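**Student:** Need a 3D model of the sequence below.
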Amino acid sequence: MAVNTQQSIFAELADFLVTQPTLEALAAYKVSPGIQQHIDDLLERNREEGLSAQERLELEKILAVLQTMDLARAKAQLRLAGK
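**Tutor:** The predicted structure is shown next:
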């Protein structure tokens, strides 16, 4: 399951990026509800009972990708604001 989710988030981002999104689209980007639900589930399980080593690695990879997208979104928002 971990590999499928990781492939899904990478595939989802790749599909988005190959559309050559506008700054507006980039600034508004959010992961799909299914991916977001999986992330939320992992975070909740991590808080409540802990994750296996494989699940923790999966979560770290997903969060690293999301941090990169957050940075891109913020830069797009700054450009749109003329800064």
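
**Student:** how far is the helix or strand in which residue 66 is found from where the chain is centred?
**Tutor:** Using DSSP states H and E, residue 66 maps to helix 53-80. Centroid separation for helix 53-80 versus its chain: 5 Å, with C-alpha atoms, centre = their mean, to the nearest Å.

**Student:** average model confidence for that helix?
**Tutor:** Average pLDDT, helix 53-80: 95.

**Student:** what packs against that helix?
**Tutor:** helix 2-17, helix 23-28, helix 33-48 (3 or more C-beta pairs under 8 Å, 6 or more residues apart in numbering; DSSP states H and E). Every residue, glycine included, has its C-beta placed from N, CA and C.

**Student:** Out of those, which is closest to residue 69?
**Tutor:** Nearest to residue 69, of all the helices and strands packed on helix 53-80, is helix 2-17, at 6.9 Å by C-beta to C-beta.

**Student:** So for the protein, the centremost residue is which one?
**Tutor:** For the chain, the residue nearest the mean C-alpha position is residue 66 (3.4 Å; C-alpha atoms, centre = their mean).

**Student:** contacting residues around that one?
**Tutor:** Neighbour list for residue 66: 31, 39 [criterion: C-beta atoms under 8 Å, 6 or more residues apart in numbering].

**Student:** For residue 76, which of the helices and strands packed on helix 53-80 is the nearest?
**Tutor:** helix 23-28 (4.1 Å).

**Student:** Roughly how far does residue 63 sit from residue 23?
**Tutor:** Counting by C-beta to C-beta, to the nearest Å, the separation of residue 63 from residue 23 is 24 Å.

**Student:** now do residue 16
**Tutor:** Distance from residue 16 to residue 23, by C-beta to C-beta: 14 Å.

**Student:** sorry, back to before: adding mean neighbour count and distance to residue 75, write the helices and strands packed on helix 53-80 out as TSV.
**Tutor:** As requested, the helices and strands packed on helix 53-80 are exported to TSV (neighbours: other C-beta atoms under 10 Å; distance: least, C-beta to C-beta, whole Å):
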stretch	mean neighbour count	distance to residue 75
helix 2-17	14	14
helix 23-28	14	8
helix 33-48	13	22
